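> model this:
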Amino acid sequence: MHLIDVLVGRLTEKVTQFGHDKLSVFGIGRELNEKQWRTVLRQLVAMGHLQSDSEAFGALKLTDSSRGVLRGETEVWLREEAPGTRIRSSRAKSRRGDLAPAASAPQGDVDPELRARLRSWRSDIARERGVPAYVVLHDATIDGIVRAWPTTLDELRNVPGIGDKKLEHYGEELLQIVRTR
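Residues are numbered from 1 along each chain as shown. You can find the predicted model right below:
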């Protein structure tokens with residue numbers, strides 16, 4: 001499934017043809033395997049946050065109820081994968097070849113104060129720009145920054161979800177927030 005290929009960072013002909021390997025979300029879901037992503041997507045469809053578009057070859061599309069989820073206003077609880085299924089470790093290989101933190105780790109791995117400062121900054125930027133907070137940075141990207149604790153733009157660039165545009169627009173501000181303990 002193309003969406004899963006993008007989420008796990010799988011370079012397929014279709015992904016590169018449409019330039020989806022250049023998206024900031026490319027590879028952001030590496031901590032889950034394809035089977036686990038299928039389970040997540042099925043549950044989101046069952047909850048009504050995604051729907052299959054029969055006119056677009058069964059492509060998944062967001063529903064109105066997904067807005068609250070994407071903005072972080074609505075919590076989503078997913079059924080856990082069956083026992084015996086292993087989720088990859090808290091570090092995953094980035095597409096640039098360096099080790100980078102996985103996009104989403106348990107909250108125990110994340111410094112709550114830094115995470116709160118980054119989320120507050122993200123809310124301010126989103127309000128200024130008139131966009132949802134997830135457009136500025138996804139929660140998984142914030143958690144990746146907290147785990148990586150980058151001190152340079154190059155280190156920040158290796159956090160999944162930080163592409164060239166986000167680095168250019170927000171890089172120095174993010175590093176300043178990280179440096180402020």
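> so what does the longest helix anywhere in the chain touch, helix or strand wise?
For the chain, the longest helix by residue count, based on DSSP state H, is helix 112-129. The helices and strands touching helix 112-129, judged by 3 or more C-beta pairs under 8 Å, 6 or more residues apart in numbering; DSSP states H and E, are helix 133-136, helix 139-148, helix 164-179. In this view, the C-beta of every residue, glycine as well, is placed from N, C-alpha and C.
> out of these, which is closest to residue 15?
Of all the helices and strands packed on helix 112-129, helix 164-179 sits nearest to residue 15, with 17.8 Å by C-beta to C-beta.
> what sits up against that closest one?
24, 114, 117-118, 121, 125, 136-137, 145, 149-153, 156-157, 162 (C-beta atoms under 8 Å, 6 or more residues apart in numbering).
> and it, C-alpha only, in CSV?
Taking C-alpha atoms only, helix 164-179 is exported to CSV below (Å, rounded to 0.1, in the frame of the first residue of the first chain):
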residue,chain,number,x,y,z
ASP,A,164,14.9,21.1,4.3
LYS,A,165,12.0,23.5,4.5
LYS,A,166,11.3,22.9,8.2
LEU,A,167,15.0,23.2,8.9
GLU,A,168,15.2,26.5,7.0
HIS,A,169,12.0,28.0,8.6
TYR,A,170,12.4,26.7,12.2
GLY,A,171,15.8,25.2,12.6
GLU,A,172,17.5,27.9,14.7
GLU,A,173,14.4,28.5,16.8
LEU,A,174,14.1,24.7,17.6
LEU,A,175,17.8,24.5,18.5
GLN,A,176,17.4,27.6,20.8
ILE,A,177,14.5,25.8,22.6
VAL,A,178,16.5,22.6,22.9
ARG,A,179,19.5,24.6,24.3
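> fine by me, we can end here.
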